[in-house]
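Asker: sequence and predicted model, in that order:
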Amino acid sequence: MPTDLIILYLLLGVAAAVIALAITPLAVRLAHAARLVDRPGTRKVHLSAVPRIGGVVVVASLLAVVVPLLFVPSPVQKSLTQLVPDNISREMVSMHTKLLALLGAGVFIFAVGLIDDIRGLRARTKLLAQIVAATVVCQMGIRIDYLEINAWHPNLTLLAWPLTIGWIIAITNAVNLIDGLDGLAAGISAVTCAVIAAFALYTEQVVMAVLMVSLLGALLGFLVFNFNPAKIFLGDCGSMFLGFFLASAALIERSKTYTLVGLALPVVALGIPIFDTLFTMMRRTLDRRSMFSPDRGHIHHRLLDSGLRHRQAVVLIYAVTATAAGFGLLMLLLRDHVLAVLVFLVALVPLAVMFRKFGAMRLRETLDSLRRKGAVDRQSRREQHGFEEMQLRLREAKGFDQWWRVIRRAGRALGLARMSIELRDAGGRSRLLQWTAPRQPQSSEAHITVTLPARPARQGWTMQTTLDVFDGGELESAGRRVALFGRLLDEHRAFPPPQENTNDTNAAHPVL
């Protein structure tokens, strides 16, 4: 590689860093004046309001260096094309459309994140925006079209689009989710930029090298103000842009020989946010919570809960990321893809050790949660099936006696121990309906008693219901069964009962 080209790369990185250093204080003052700050909260680790539009600094610094160099004819651009071989120079010109798509889609994601930082957006809206942006870059040719694994050359024609869009969205959200401590997302992204830049230099991919070196400089300048104690945060505009840009830029390559390595290196460098996202999704699924619901189970929260101070947690994550990335770079020296895969697996070991050590990955607890969730889901399906069957039977009931028989059958299907329904009219006349399940709870078996509010029946009668429900070890299940039974009573009110006082028991109406 020409020495002049190396000097040019260094100048790009320094220029981006200087711009970031110069404009970050301006962004801090602007954010305070416009009250665009992140205030302390239960899930926050900072104790005072901090500006949250740091993404403006990173994006502005990157564009200020890249756009004049790659898109505006100038002596610097001319010298760049003269420093590289003719074939690479021609390819740089041919890639302008892809670069415009990448930068345009990246700015769009940045704008969506900025709107979220200013006004707030629903998670689904942001996801839709990510899909649109990923589709745009995919349409413009930034895709995972092929892989080369020794003599195997799989054609990904049918999978290229979904694989690429899924990759971009996954990395975008992984970086966004890890942005929970001062300097964490920016530092991990800086390591990733350095790794991809090394890959680009090794494979003589000038455009990718320019992008990564420039972004690395912007991040290093920004980290001066973002490291603990942070004077400014990336915000969603910064973290979403970084994830999107890194995921997309890693796909701008021309070397088929290194396609597998080109994808593996970002995975290793971004291993902590990727692992953290996977475990977060698993945790929320097992807890039966929304994927978009916040929590304090991320790896950086675990590190703080273990007793590490803020800076110690961040530096530890930096060190593990750098160690994994260092192992990953060894893949560049291996032509045998089987050995490269083995090195890739070795590179993941430090990540797995950290997640295991600090409790973010517990196999036994995960398996227990899976079994418990499976049992709850099966029980819920049985209860729903029983409810739907009784719903149909009640719709077919032709009179009060048929209604009461189905209600008793519903009690058995939904695991009731006893039921008492008192029907009363405005004149004081009443009718008491009672039912007891054939199997009664033992003294050691838990059950709960619930009295439902009086509900209007027909022709001026009201209905007061008291239920004894088998607990079954799950209060959630008992509550769900009470809710389903109450829904049956609401949807199918009693038929007009006789006018005299009577008591209906199991003896009068045997259980079906």
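Answerer: Perfect, thanks for sending it. Computed from a prediction, not measured in an experiment: that's the story for all the values here.
Asker: can you check the pLDDT for residue 221?
Answerer: With respect to pLDDT, residue 221 has a value of 97.
Asker: and it, which of the three is it?
Answerer: Here residue 221 is recorded as helix under DSSP: H, G, I helix; E, B strand; the rest coil.
Asker: I'd say it and residue 15 touch.
Answerer: No. Using CB atoms under 8 Å, residue 221 is not in contact with residue 15; the gap is 9.8 Å. Every residue, glycine included, has its C-beta placed from N, CA and C.
Asker: pick out whichever of those two has more residues nearby.
Answerer: residue 221 (25 against 19; other CB atoms under 10 Å).
Asker: burial count for the closest residue to that one other than its chain neighbours?
Answerer: Using CB to CB, 6 or more residues apart in numbering and skipping the chain neighbours, the partner closest in space to residue 221 is residue 20 (2.9 Å). Other residues lying near residue 20 total 27 when counted by other CB under 10 Å.
Asker: the host helix or strand of residue 380: which residues count as buried?
Answerer: Residue 380 belongs to helix 363-396 when assigned by DSSP states H and E. By neighbour count on 16 or more other CB atoms under 10 Å, the buried set for helix 363-396 is 369, 379, 383, 386-387, 390-391, 393-394.
Asker: centre of the chain to the helix or strand where residue 126 lies, how far?
Answerer: Per DSSP H and E, residue 126 falls inside helix 123-139. Average the C-alpha atoms of helix 123-139, do the same for its chain, and the two points are 15 Å apart (CA atoms, centre = their mean, to the nearest Å).
Asker: next structured bit after it?
Answerer: Next element after helix 123-139 (DSSP H and E): helix 160-178.
Asker: immediately after that next one, which helix or strand?
Answerer: Once the chain leaves helix 160-178, the next helix or strand it forms, by DSSP H and E, is helix 184-202.
Asker: tell me what that following helix is packed against?
Answerer: For helix 184-202, the elements it packs on are helix 160-178, helix 206-226, helix 235-249, helix 259-269, helix 271-286, helix 310-329, judged by 3 or more CB pairs under 8 Å, 6 or more residues apart in numbering; DSSP states H and E.
Asker: what does the helix holding residue 126 contact?
Answerer: With contact meaning CB atoms under 8 Å, 6 or more residues apart in numbering, helix 123-139 is reached by 98, 101-102, 104-106, 108-109, 112-113, 116, 160-161, 164-165, 168-169, 172-173, 236, 240, 244, 248, 291-292.
Asker: buried ones in that helix?
Answerer: 126-127, 129-130, 133-134, 136-138.
Asker: again, but for stretch 24-31
Answerer: By 16+ other CB under 10 Å, the buried positions in stretch 24-31 come out as 24, 27-28, 31.
Asker: now do the contacts for residue 11.
Answerer: Going by CB under 8 Å, 6+ apart, residue 11 touches no other residue.
Asker: how about the one 4 residues further on?
Answerer: With contacts defined as CB under 8 Å, 6+ apart, residue 15 is in contact with 64-65, 214, 217.
Asker: same question for residue 492.
Answerer: Taking CB under 8 Å, 6+ apart, one finds 391, 394-395, 397, 403 in contact with residue 492.
Asker: please repeat the previous calculation with a cut-off of 6 Å.
Answerer: Counting by CB atoms under 6 Å, 6 or more residues apart in numbering, residue 492 touches residue 394.
Asker: next: residue 479.
Answerer: When the contact criterion is CB under 6 Å, 6+ apart, residue 479 has no partners at all.
Asker: which strand or helix spans it?
Answerer: Element membership of residue 479, judged by DSSP H and E, is helix 475-491.
Asker: perfect, I'm done here.
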